[in-house]
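# No letters, just coordinates:
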């Protein structure tokens, strides 16, 4: 059973979520190994950025690791 994705709180979150999903899909579908690696790295970076945006929106900016 799939869990329902979180509803984005802002247009920025929606755009980051969409971008991350595209990068993840590309990482699985691309034939070129370099394209897969770069797409995976992009998806991970977008995930970290999305987390930072969410933390900033909830008043918890600056907490956690820097990468």
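Noted; the coordinates are in hand. Everything numeric here is computed off the predicted structure, so don't read it as measured data.
# Now do the longest helix that the chain contains: which elements does it pack against?
When the chain is parsed with DSSP state H, its longest helix is helix 33-57. Applying 3 or more CB pairs under 8 Å, 6 or more residues apart in numbering; DSSP states H and E, one finds that helix 33-57 makes contact with helix 11-29. Using the backbone N, CA and C atoms, a C-beta is placed for each residue, glycine as well.
# buried set for the helix it packs on?
13, 16, 17, 19, 20, 23, 24, 26, 27 (16 or more other CB atoms under 10 Å).
# just these now: which is nearest residue 40?
Top of the list for closeness to residue 40, among the buried residues of helix 11-29 and by CB to CB, is residue 27 at 4.2 Å.
# In contact with the residue most central in space within the chain, which residues?
In the chain, the centroid-proximal residue (CA atoms, centre = their mean) is residue 47; its distance is 2.7 Å. Counting by CB atoms under 8 Å, 6 or more residues apart in numbering, residue 47 touches residue 20.
# So that it lines up with my notes, have the first residue be 563 from now on.
Let's use 563 as the start, then, which means that last one is residue 609.
# Residue 598 reaches residue 589, doesn't it?
Yes - in this structure, residue 598 is within contact of residue 589 by CB atoms under 8 Å, at 5.2 Å.
# remind me which residues of the protein are low pLDDT?
For the chain, the stretches flagged by pLDDT under 70 are 563-570, 622-629.
# Pull up the gap between residue 589 and residue 580, please.
15 Å (CB to CB, to the nearest Å).
# Residue 605 too?
From residue 605 to residue 580 the distance is 12 Å (CB to CB).
# Now do the shared contacts for those two.
Counting by CB under 8 Å, 6+ apart, nothing touches both residue 605 and residue 580.
# which one is residue 590 nearest to, not counting chain neighbours?
Spatial nearest neighbour of residue 590, excluding adjacent residues (CB to CB, 6 or more residues apart in numbering): residue 598 at 7.7 Å.
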